[in-house]
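My questions are about this predicted structure, shown below with the sequence.
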Amino acid sequence: MAAQSLEKLLVLQERDSKRLNFEQQLQATPREIAAIEAKVAAEKGAIEAAKSEWHGLESKKKLLEIEIKSTEEKVGKYRTQQAQVRKNDEYQALTHEIDNGLAAIGKFEEEEIGVMFQIDEAKKRFAVAEAELKNNIAGYEGKIRTLRDREKNLRENVKEAEGLVAAARPDVPANQIKIYDRLAARPGHPVCVTANGGRCGGCHLKVPTHLEVLAKNGNGTEIATCSQCGRILYWQF
Ligand SMILES: [Zn+2]
């Protein structure tokens, strides 16, 4: 029980604290939803990255196949020419071209095998990323739905709490409301704190004896306030 004279104010403070608590939870909800949406976006991003890596490798493979085909055609032409030349140095030059072409084809084919291996790996990464989102998406969507429901409930809670605060205000003496509103406007709730043990329940500094006595016994007119932080002091009996 608090000192008689502050009872109505403490009722107001309690209701105000509840209202603040609901408001804080309500304010936090969009951030929580955004955090889940960011996770979904990150997982979709991983899928897209794996997909574009895979597609890039497929294009590389196609280019290599084109190179192989055109080099094979060149080698074929050289062979045809070779069958028709009479001079030995021309024949040798074509043999050289054919050898070069075959070596190039060998290199392209080797590179193609490497790319095919990379394609398999990229496909696996794509499948893993896709499976992960598929696994998680229902959970993410469920959480977002829950948060949206919570947001709706909290909005109602705030409204209800505001009504209770408004109902408590007319019962509080005017001088108390004035101090309370001034203190409530700044950070550092609660506004009314205990002076038990000779320390301010807000800033924890020592409360002078006369204020402690005033908080405990009251004198019917004055309100004890902390000389350090200005909070209203009351005695918890
Ligand atoms: Zn204080």
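On my side now, so go ahead. Everything numeric here is computed off the predicted structure, so don't read it as measured data.

rounded to a whole number, what's the mean pLDDT of the one helix or strand E112 maps to?
Secondary structure assigned from DSSP states H and E places E112 in helix 88-168. Per-residue pLDDT over helix 88-168 has a mean of 97.

how far does it sit from the chain's center?
20 Å (Cα atoms, centre = their mean, to the nearest Å).

What is it packed up against?
Other helices and strands packing on helix 88-168, by 3 or more Cβ pairs under 8 Å, 6 or more residues apart in numbering; DSSP states H and E, are helix 7-84. In short, each C-beta sits where N, CA and C put it, glycine included.

Can you name the element that comes right after the helix holding E112?
helix 174-184.

What is that next one packed up against?
Packed next to helix 174-184, using 3+ Cβ pairs under 8 Å, 6+ apart, are helix 7-84, strand 232-234.

So for the longest one, mean pLDDT?
Rounded to a whole number, the mean pLDDT of helix 7-84 is 96.

Output the contacting helices and strands for that helix.
Going by 3+ Cβ pairs under 8 Å, 6+ apart, helix 7-84 lies up against helix 88-168, helix 174-184, strand 192-194.

6 Å - rerun?
Secondary-structure packing of helix 7-84 (3 or more Cβ pairs under 6 Å, 6 or more residues apart in numbering; DSSP states H and E): helix 88-168.

The helix it packs on vs helix 7-84, what angle?
Computed with axes from the mean of the first three to the mean of the last three Cα atoms, to 10 degrees, the direction of helix 88-168 lies at 170 degrees from that of helix 7-84.

A184 - nearest residue in space that isn't next to it in sequence?
V191 (5.3 Å; Cβ to Cβ, 6 or more residues apart in numbering).

quick one on the thing from earlier: can you tell me which of the helices and strands packed on helix 174-184 is most buried?
strand 232-234 (a mean of 25; mean count of other Cβ atoms under 10 Å).

Mind checking if it is in reach of the ion?
No - applying Cβ under 5 Å from the ion, one finds strand 232-234 out of contact with the ion, separated by at least 7.8 Å.

what's the burial count for K159?
11 (other Cβ atoms under 10 Å).

now swap in the one 3 residues further on and tell me
Burial of E162 is recorded as 15 neighbouring residues (other Cβ under 10 Å).

what's near enough to touch it?
R19 (Cβ atoms under 6 Å, 6 or more residues apart in numbering).

Distance of it relative to E23?
9 Å (Cβ to Cβ, to the nearest Å).

In TSV: the helices and strands packed on helix 174-184, plus distance to R169.
Below are the helices and strands packed on helix 174-184 laid out as TSV (distance: least, Cβ to Cβ, whole Å):
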stretch	distance to R169
helix 7-84	6
strand 232-234	15
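
any idea how far the nearest residue to V165 once chain neighbours are set aside lies from A28?
Nearest residue to V165, sequence neighbours excluded (Cβ to Cβ, 6+ apart): R15, at 4.8 Å. Using Cβ to Cβ, R15 is found at 21 Å from A28.

can you check L214 too?
With Cβ to Cβ as the criterion, L214 and A28 are 39 Å apart.

So which bits of stretch 145-163 are buried?
147, 150-151, 154, 157-158, 161 (16 or more other Cβ atoms under 10 Å).

Can you dump the C-alpha atoms of it in CSV for me?
Taking Å, rounded to 0.1, in the frame of the first residue of the first chain, the C-alpha atoms of stretch 145-163 are listed here in CSV:
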residue,chain,number,x,y,z
ARG,A,145,0.9,-14.3,-39.9
THR,A,146,1.3,-14.7,-36.1
LEU,A,147,3.1,-11.4,-35.9
ARG,A,148,0.4,-9.7,-37.9
ASP,A,149,-2.3,-11.2,-35.6
ARG,A,150,-0.3,-10.0,-32.7
GLU,A,151,0.0,-6.6,-34.2
LYS,A,152,-3.8,-6.4,-34.5
ASN,A,153,-4.3,-7.6,-30.9
LEU,A,154,-1.7,-5.1,-29.6
ARG,A,155,-3.4,-2.3,-31.4
GLU,A,156,-6.6,-3.2,-29.5
ASN,A,157,-4.7,-3.6,-26.3
VAL,A,158,-3.2,-0.1,-26.7
LYS,A,159,-6.6,1.4,-27.4
GLU,A,160,-8.1,-0.3,-24.3
ALA,A,161,-5.1,0.7,-22.2
GLU,A,162,-5.5,4.3,-23.4
GLY,A,163,-9.1,4.2,-22.3
